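*Asks:* build the 3D model from these lines:
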Amino acid sequence: MFYTKIGTFVPILFQSIGDGSMYYSHIEDFVKEFYTRMDINDPLQLNFKKVSSKLGIRVFYWNESSQALFLNNYSYIFLNNQLTEQAMWQDFCHELAHVLLHVGNQRQMPKSFREYQEAKANNFMYHACVPTFMLEQLEITDYTNESIKLIQTLFNVEKAFALHRLTQYLNKKFFMLNSHGA
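*Replies:* Down below sits the predicted model:
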């Protein structure tokens, strides 16, 4: 079973991948390794039931906002049962970030540290729901409605989420092209 905190990996700001045309950030590298170790290599394999099962995380549904809970060395994720399937996947990945990356009770931490953890969890959520190594296989180069719909459908995310993730991805590609003189 693969279960680790991100801090156990050697910190790397950027790492070359394959042909050198794109560089992975630490979180992109972590997500790729995370899914590869679970033999998840295709967008159609991405779902919270499969991921939680492989990690031994119990998932429960309730009427409150989604959250992660740690009790006696076990991790639990509670998902709001009123959410769409897409929103549940997105919330699951956000809460999964807390399981994998964070420790402590947010109710007992300073506001600034709680906000920091939430920002990290949101960043992880975008990369875990729509991993860069899978996006690269699609060879998307623009912001067309077709590109957004493709991401939305393949990765089972909401339209606004797909647009945000596509923007992150294309902005990085544009930056990498311009900063490396391509």
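*Asks:* next helix or strand past the longest strand along the chain?
*Replies:* As assigned by DSSP state E, the longest strand anywhere in the chain is strand 74-80. Counting by DSSP states H and E, the element after strand 74-80 in chain order, helix or strand, is helix 85-101.
*Asks:* chain center to that following helix, what's the gap?
*Replies:* Centre-to-centre, helix 85-101 and its host chain are 8 Å apart (CA atoms, centre = their mean, to the nearest Å).
*Asks:* kindly report the same for stretch 57-69.
*Replies:* Centroid displacement of stretch 57-69 relative to its chain, using CA atoms, centre = their mean, is 17 Å.
*Asks:* swap in stretch 164-174?
*Replies:* For stretch 164-174 - counting by CA atoms, centre = their mean - the centre lies 15 Å from the chain centre.
*Asks:* give me every residue that touches residue 78.
*Replies:* By CB atoms under 8 Å, 6 or more residues apart in numbering, residue 78 lies in contact with 59, 60, 61, 62, 64, 66, 67, 68, 69, 95. The way it works is simple: take the backbone N, C-alpha and C, and place the C-beta from them, glycine included.
*Asks:* could you find the closest non-adjacent residue to the fifth one?
*Replies:* With CB to CB, 6 or more residues apart in numbering as the criterion, residue 64 has its nearest non-adjacent residue at 6.6 Å, and that residue is residue 80.
*Asks:* swap in the second one?
*Replies:* If you skip the residues right next to it in sequence, residue 60 has residue 78 as its closest partner in space, 5.0 Å away by CB to CB, 6+ apart.
*Asks:* picking up where we left off before, tell me the predicted confidence for the residue nearest to residue 64.
*Replies:* pLDDT, residue 80: 98.
*Asks:* could you do the one 5 residues further on as well?
*Replies:* Each residue has a pLDDT score; the one for residue 85 is 97.
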